[in-house]
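Q: Provided below for reference: sequence and predicted model.
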Amino acid sequence: MIRKVLLGVVACALTVFAVQAQEMTEEAIKERIKPTGSVHIAGAQAAPAAGGPRSGEEIYNQACVACHGVGVLGAPKLQVAADWQPRLDEKGFDTVWQNAINGIGGMPPMGTCGNCSNDDIKAAIEYMIEGI
């Protein structure tokens, strides 16, 4: 008898937790799992090139090629219209740019470019869609 009651209480608790987890919005989940801080290691971040802003091609080759070169997790590939055009047609360039800055799907914010500015990200995207 006690075993049945205990089992019933455990099953009820698990059900409540499962229902609460299903009711969370995407924003609530993001807020719940966001990092609580960041780590800065002196000297770990490369300084911007002394010759001025980097080209989109340089940024792509340094930070984007690993995923966008082969389409990792559905990343649109370099200058492949079939990959880029639907995104550009549906969302527009500015939304694609903001998604790259803020992160989307498997892509973290700013991709893998820890020292890129928003303008650097824009230049990289412009290079990746060049000729489309």
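A: Structure's in. What do you need?

Q: what residues go with each domain of this structure?
A: 1-32, 53-132 (automatic domain parsing).

Q: Turn the ones you listed into JSON lines, columns for distance to residue 41 and mean pLDDT.
A: C-beta here means a position set from N, CA and C on the backbone, and glycine is covered the same way. Formatted as JSON lines, the domains of the chain follow (distance: least, CB to CB, whole Å; pLDDT from 0 to 100):
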{"stretch": "domain 1-32", "distance to residue 41": "26", "mean pLDDT": "71"}
{"stretch": "domain 53-132", "distance to residue 41": "11", "mean pLDDT": "94"}
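
Q: Give me the buried positions along the helix or strand hosting residue 122.
A: For residue 122, the element it lies in under DSSP states H and E is helix 118-128. Using 16 or more other CB atoms under 10 Å as the test for burial, helix 118-128 gives 120-125, 127-128.

Q: can you pull the contacts of residue 100?
A: 107, 110-111, 121, 124-125 (CB atoms under 8 Å, 6 or more residues apart in numbering).

Q: can we see that at 10 Å?
A: Contacts for residue 100 (CB atoms under 10 Å, 6 or more residues apart in numbering) come out as 64, 107, 109-111, 113, 116, 118, 121-122, 124-125, 128.

Q: That'll do, ta.
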